[in-house]
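coordinates only, sequence not included:
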């Protein structure tokens, strides 16, 4: 029988699998050269057939010896759970998972969470229905003919098609569909909750902000701090702060209840209930109005489907909320105080809430950010994934490095307009001295006008490293076809010296 | 109903009185404001059908979300007439129709008063077909008071319609508004005035929908807010109430300076939406005015936020003019100390101050609307607008004894808004330069040997312009007494496009034809307008005209400007704009005509334009306000003419970077096609 070593963890190897825009991380913890503990965070990508993904997962299984000590699923978005669905068998057979953590909002027993999820489900349903109605309208020759005579007719049609397409891809990202209708949670999430958790007889741990988890058997010397998702609804809704808070982007979230209800109404009777006025005000004899509205010569002014555009605001809102429901963790080497930050896709509202957690010490969240030496960039380098004043500007550690899961080959087309955010890249490169590792740099522009490639900008930033920094970085960073890997040193400078002396 | 008033000898009433909210319904629930919130709008009298449908507007209350029509209000109903319209009520859609109609008509009235002519909506642009032509007249703006279920309202340039939304409230202050009650955007004076102004502006400058720089859409937003804002100052009761409340200091927090109360309150951010002038301090809970920051104009790109810089500048100009006008009154009332006694102001003083404020606001609004005639037709910047304000004012008001112009310049300067291409900031330099063509209509012709080559061409051009000027005078005379809007439209089209008939008497050679024949390869005209009236236009990516040899160009917005200034002076001008489009591709940083496009390249349009102002008294071209398509300096230095790279590069960079669409909605959903066809639909998404 092997004795369990209680030696403390001194190093973490972080491996990012390159399956396309989406997260899949393996963190191996070592004490010295001894492998101690294996964490897996998410397994998703924007899209991909099973056969394309199998090589990655096969490699992953081999790397961890078919055993994961802790699986963390941050939130229910396709780019974080899709591969559980696509390669279900690889995860359910011959793969041993010992613990699973999720955000408290995923718990079926939490009544508050359940109310949210129900409201949320309705909104998602409405979203998909609006997309379907839009598509149906586009099949309708009468509707399409409206644009025929207009000078910008082709653009008008293209605009609506683009919109319907964007809505559909948002729907894909969020939930499972059957025959084009919303049916419930993403399959990948279901695989984790049902097949993996129940199959392995694991009770999922639902984490709340403020929890500190330490001394996990095998992960001695490592402490987990749960930062998000926030407990307050207000924070979940918040996508971005004002100027200086998140990277220049403003969008208030509208209340879409009235909209969602009207989309969901199944028949005339249900619509009647939704009238904004007493029924006595409805035209009994609407002949004149109808004649004016339905007149063929006036059709170019009709507005039957324009109201469905509100689904766009709703989609963004649903998307932001789910992002803010991300399980956000700070993983600390307790002796040196060095921190690895895995925020999922948390947006501004979540970041802001971390600072209100009542830790045993004051300003502790700030302290954690100050000590961060590895940052998994939230939301694929988008403007709203990283808080500015309450986030990145507090990451002041000289050893900071960052990994971002952005890949222009496999991505939702709508995302390319917001990812990457140039201001965020500038700041990250400055703070990391170029230790920014992006999943696939190919084709990603830094500046969309001059089409300057991101690669050049990153290389330029790295040119400013000192000789020592360069050697260290080259030693820590491995780039392979299937993955990128970065070794995070868990020892403080002082203890490194002390160790050298001992030797 | 009609014969009720036509059968009697009483003359037509001047106004139709209609009750409505001065702001929006939320203020009617607060004791201290409810009295001023109920207002009687005096709408110019016209015959209206149920809807209301009148000369300018058709309110059509179809709700596509419930697929129902709400019964239309009949404003001519004797009971409705007898009590100044229906009672203000959130729950009666017929009142909603009445309110939208009233506010929209008041806004239209302001424009007609300032411009001195009837307004026309933007015409509907068509795919060219025989018989229908390129565009058709749009008589009425269509208004849908209940078209969306969203915290949104917008003007659709394609449909020539305004769509208003309603939504369930999520109020910041639950004592002000019932949670989950419905909020109707069509009941807010500001939102209605704002959206109708978008439509009016589109009718004058249709290219202002195209965001070719960060200011264009922001200008649309700001201008709409300015009109909505200053319209409040024309309601005497509201004005007096607020002056009494703020003790004459209109720069402090007051209802007049806020936009769209209820809208702002119910989407959950405290204070008002687009509150350009100040905000509530989070820690003290007190209202503080926004301090102008020069960096804002450089950094803020989102159209509403950027627009609010312009709104704040105009408002500051207004406040300073008002202060200087009211200073003597305050001295009299305070025995020369300038310090008013505690307690409420004397009602007479309130009346006099309100009079000054109303007068000032009227002047400022006039200046702002009039300036539209002096703006370039494309690619407007705030700086251009400042120049237009100054130029329009210099034209009409010779003696600026109250320093209105300085107040504007100062307020713009404090926000870092400077026009490009001027060396100093003064009234003289901001006024558009007058065209100086050495030829004088009245002067004797110089003999040819006395002239250099350049003078010769200038002289020729001057003569040609004189012929154009004479033609425009004919147009001015023909249009002067026409009051039917459709006739104005048709006549104007006729003078632009011309009429070819066998009968020489009725044949008209149109302006388009004339410009083409006289100037299609005139370097001098190209220099004046900055447009490619040059032989090598094809190399610059400009199409050949469909009808003639020579470059294609568009004539927009031919209009007669006939105004009387405060000193009884009169200006008689005919103004029109020329717009030219160059279609290009960018290959490795080099711009080439789109004729060289390969399959995987996409072309884009670069527009130049020029507004030409002819003085009908002297028949001379007085101003040419240009956004040059070509590099005008190249005439002096080289033979080959180039595109104006400075403008072109700025536009290209703007469109290919953030494009001012700093709004997740636009980035995620709208795509380029939506932005070009429904630019406002998503701009107002919150």
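Good, I have the coordinates. Source: prediction; values computed, not measured. Numbering: from 1, shown residues only, chains lettered A, B, ... in the order given.

next secondary structure after the helix or strand where residue A:82 lies?
Assigned by DSSP states H and E, residue A:82 falls within helix A:78-86. Later in the chain than helix A:78-86, the nearest helix or strand by DSSP H and E is helix A:88-92.

quick one: list the elements packing against that next one.
Contact partners of helix A:88-92 among helices and strands, from 3 or more Cβ pairs under 8 Å, 6 or more residues apart in numbering or on different chains; DSSP states H and E: helix A:50-64. (Each C-beta comes from the backbone N, C-alpha and C, glycine too.)

rerun at 10 Å
Identification of packing neighbours for helix A:88-92 by 3 or more Cβ pairs under 10 Å, 6 or more residues apart in numbering or on different chains; DSSP states H and E yields helix A:50-64, helix A:78-86, helix A:187-190.

what is the subsequent helix or strand relative to that helix?
With DSSP H and E, the next secondary element past helix A:88-92 is strand A:96-97.

how far does the helix or strand that that next one is followed by sit from its chain's centre?
Note on strand A:96-97: by DSSP H and E, the next helix or strand toward the C-terminus is strand A:100-103. On the basis of Cα atoms, centre = their mean, to the nearest Å, strand A:100-103 sits 15 Å off its chain's mean C-alpha point.

check which residues of the next helix or strand after strand A:100-103 are buried.
Next helix or strand after strand A:100-103 toward the C-terminus (DSSP H and E): helix A:111-139. Neighbour counts over helix A:111-139 (16 or more other Cβ atoms under 10 Å in any protein chain shown) mark A:113, A:116-117, A:120, A:122-135, A:137 as buried.

same question for stretch B:38-55.
B:39-44, B:48, B:50-55.

so of these, which ones are in strands?
B:39, B:40, B:41, B:42, B:43, B:44 (DSSP state E).

want to throw those into TSV with pLDDT and distance to residue A:22?
Shown next, in TSV, are those (pLDDT from 0 to 100; distance: Cβ to Cβ, whole Å):
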residue	pLDDT	distance to residue A:22
B:39	88	57
B:40	92	61
B:41	94	57
B:42	94	62
B:43	94	58
B:44	94	61
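
contact partners for residue B:549?
For residue B:549, the contact set (Cβ atoms under 10 Å, 6 or more residues apart in numbering or on different chains) comprises B:516, B:517, B:520, B:521.

what's the pLDDT at residue B:661?
For residue B:661, the pLDDT comes out at 44.

just checking, residue B:546 touches residue B:128?
Yes: if you go by Cβ atoms under 10 Å, residue B:546 and residue B:128 touch, sitting 8.3 Å apart.

out of these two, which sits in the busier spot?
residue B:128 (11 against 8; other Cβ atoms under 10 Å in any protein chain shown).

in which helix or strand would I find the more buried one?
Using DSSP H and E, residue B:128 sits within strand B:124-129.

contacting residues around that strand?
Under Cβ under 10 Å, 6+ apart, the answer for strand B:124-129 is A:147-154, A:300-301, B:132-138, B:157-160, B:206, B:546.

for stretch B:417-426, same thing?
So stretch B:417-426 is contacted by B:215, B:292, B:294, B:296-297, B:309-310, B:313, B:381-388, B:390, B:405-406, B:409-413, B:428-433, B:646-647, B:650 (Cβ under 10 Å, 6+ apart).

give the buried subset of the residues you listed as a PyMOL selection command.
Selecting only the buried entries of these in PyMOL, with 16+ other Cβ under 10 Å as the criterion:
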select buried, chain B and resi 215+292+296+297+309+310+313+381+382+383+384+385+386+387+388+390+405+406+409+411+412+430+431+432+647+650
